[in-house]
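Peer 1: got a predicted model here, sequence first, then my questions.
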Amino acid sequence: MGLFVNFAVFEIAWLSSVIGGAQQMPWIGPVAVLVALVLHLRAARKPVEEILLLLTCAMIGAGFDSMLVAAGWVTYKAGLFSEYFAPYWIITMWMLFATTLNVSMRWLRGKPKLAAFFGFYGGPASYIAGQELGGIVLVNQVASLLALAIGWAIMMPILMWLSENLDGMPGRRRNWIAERS
C-alpha cells in the first residue's frame, strides 16, 4: 500500500469512526477500520509483525484514553464499555493509527524529538477535530489538552520505536534492537 493510499484510507476510516460515534452509530467506525486493516495486512510482507504492532497500539491507546475518561477529562457519546473505559470505536482507531506508522509516518523513524513534537501538537489536534465533529467532548479543555499533549509527546517516539521493530511492510527496514546487539 502506497503512502497516499495509506493516508487516504486512514482519513476515511478516521472520519467514519468519529462521525459514527457522534451519530450514535459507533459500529460504523470499527467496520471502516476493519476494511483498512484488511487492506493494510494484504500489503504487508510480514503480517504477523504488523498484527503485533496493531494489537500493541490498541492496548496502549485503550490504556491512555481510558485514563482520560476515568479522570473525567474526556467523554464520548457512544460505544462505551463503562464510564471508566474508552469506547470500543476509539480503541479500533488506535489500530487504524498503527497502520500509518510503517507507511505514511515512516518519515518519523529515528527522529524521536521530531516524533515527540509531532505528538505534542498532532495528538491534541486530532481530538479537537473529533470534538468539532461531535464524537468526543473535552470536558475540562485545559486539563484534557495538556494531558493529550504530554501523553502524545511521550507516546509518539515509543510508537515509532515499536513500528521499527515490528515492521512487516515492504521497504527499507531499520531494527534498533538488532543494531544494538
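Peer 2: Cool, the structure landed.

Peer 1: other SSEs contacting the helix or strand hosting Met59?
Peer 2: Using DSSP states H and E, Met59 falls within helix 47-70. Using 3 or more Cβ pairs under 8 Å, 6 or more residues apart in numbering; DSSP states H and E as the contact test, the elements touching helix 47-70 are helix 28-43, strand 74-76, helix 88-101, helix 141-165. No exception for glycine: its C-beta is placed from N, CA and C like everyone else's.

Peer 1: let's see 6 Å
Peer 2: On a contact count with 3 or more Cβ pairs under 6 Å, 6 or more residues apart in numbering; DSSP states H and E, helix 47-70 meets helix 88-101.

Peer 1: could you check the angle helix 28-43 makes with the helix holding Met59?
Peer 2: 160 degrees (axes from the mean of the first three to the mean of the last three Cα atoms, to 10 degrees).

Peer 1: can you tell me what sits against stretch 113-124?
Peer 2: Under the contact criterion Cβ atoms under 6 Å, 6 or more residues apart in numbering, stretch 113-124 has outside partners 108, 145, 148-149, 152-153, 156-157, 160.

Peer 1: how about Ile19, what does it touch?
Peer 2: Leu133.

Peer 1: how does it look with 7 Å?
Peer 2: 133, 135 (Cβ atoms under 7 Å, 6 or more residues apart in numbering).

Peer 1: where's it relative to Gln131, distance?
Peer 2: 13 Å (Cβ to Cβ, to the nearest Å).

Peer 1: kindly report the same for Gly72.
Peer 2: Relative to Gln131, and taking Cβ to Cβ, Gly72 is found at 15 Å.

Peer 1: again, but for Phe7
Peer 2: 22 Å.

Peer 1: burial of the nearest residue to Tyr76 once chain neighbours are set aside, as a residue count?
Peer 2: Nearest non-adjacent residue to Tyr76, counting by Cβ to Cβ, 6 or more residues apart in numbering: Pro87, 4.7 Å away. Pro87 is flanked by 25 other residues according to other Cβ atoms under 10 Å.

Peer 1: cool, Arg45 as well?
Peer 2: Count around Arg45 with other Cβ under 10 Å applied: 12.

Peer 1: and it, what helix or strand is that in?
Peer 2: Arg45 belongs to no helix or strand, assigned by DSSP H and E.
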